[in-house]
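K.L.:
Could you work out the structure for the sequence below:
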Amino acid sequence: MNDICLDGITSSNPCEFLFLKLSKLDNLCYIGCLYRHPGHSILNFTNNLELMLQLEQIKKLTTDLFFIGDFNIDLIKYDSSNEISRFLDMLLSYNFLPCTILPTRITDSSSTLIDHIYHRANLKRNSYNNVNCINGIIITDISDHLANCLILPSLTTAKSAPDRPLVRIFSQKNKLHFSN
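P.N.:
Model prediction:
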């Protein structure tokens, strides 16, 4: 989706993002992949993200919407940082629920929850079985961050073809085809 932008992105407040539209069967969702550069203002990022959520292109989306990425905002510090609590409260006010609750960057001396997944459910119909969702962390040494995962089982099932009995037709044409 090329029509979505974060207007406040500057060299003093950098952020990278990409929005994707995905569909499978009759489910449609949008995924916003975000990377907030560390060491820059969380408050400015929060304000810019809120401005983006107020864009007509976002407000008119009634499908499931996900924000995923390396936000470089440690949610473990929600209670002790006004900027972090403001960030999370803003997303909650737009009906985004955090799906990540475990640390995603662990060192010998610290653990932080800086990689996030947020989900805003379809406003018109429930597409996923939220009761049976699976979220977690995949331990891997690909990077210094652990990988987030989220599995939301679909409420719609794939339509399978009716069972057809297995038969062989021994016609002359099929015999010739087999021998060739």
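
K.L.:
What helix or strand is Ile137 located in?
P.N.:
strand 134-138 (DSSP states H and E).

K.L.:
Show me what that strand is in contact with.
P.N.:
Contacts with strand 134-138, where a contact means Cβ atoms under 8 Å, 6 or more residues apart in numbering, come from 99-104, 117, 146-151. Quick note: C-beta positions are derived from backbone N, CA and C, even for glycine.

K.L.:
Can you list the strands that that strand pairs with?
P.N.:
strand 147-151 (antiparallel) (DSSP bridges).

K.L.:
Quick check: next helix or strand after the partner strand?
P.N.:
Heading C-terminal from strand 147-151 (DSSP H and E), you reach helix 172-179.

K.L.:
could you dump that next one to CSV, C-alpha only?
P.N.:
The C-alpha trace of helix 172-179 is given here as CSV (Å, rounded to 0.1, in the frame of the first residue of the first chain):
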residue,chain,number,x,y,z
GLN,A,172,-7.4,-48.9,-25.0
LYS,A,173,-6.4,-45.3,-25.0
ASN,A,174,-5.3,-45.5,-21.3
LYS,A,175,-3.4,-48.7,-21.9
LEU,A,176,-1.5,-47.1,-24.8
HIS,A,177,-0.9,-44.0,-22.7
PHE,A,178,0.5,-46.1,-19.9
SER,A,179,2.8,-48.2,-22.2
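
K.L.:
Show residues contacting that helix.
P.N.:
Applying Cβ under 8 Å, 6+ apart, the set of residues contacting helix 172-179 is Arg168.

K.L.:
please redo it, this time with the cut-off set to 10 Å
P.N.:
168-171 (Cβ atoms under 10 Å, 6 or more residues apart in numbering).

K.L.:
Mind telling me the two of the contacts of strand 134-138 farthest from one another?
P.N.:
Pro103 and Ile151 (19.8 Å; Cβ to Cβ).

K.L.:
more neighbours, these two?
P.N.:
Pro103 (18 against 10; other Cβ atoms under 10 Å).

K.L.:
Could you look up the SS state of Ile31?
P.N.:
Using DSSP: H, G, I helix; E, B strand; the rest coil, the structure places Ile31 in strand.

K.L.:
quick one, what contacts Ser80?
P.N.:
Asp74.

K.L.:
And it, which helix or strand is it part of?
P.N.:
With DSSP H and E as the test, Ser80 turns up in no helix or strand.
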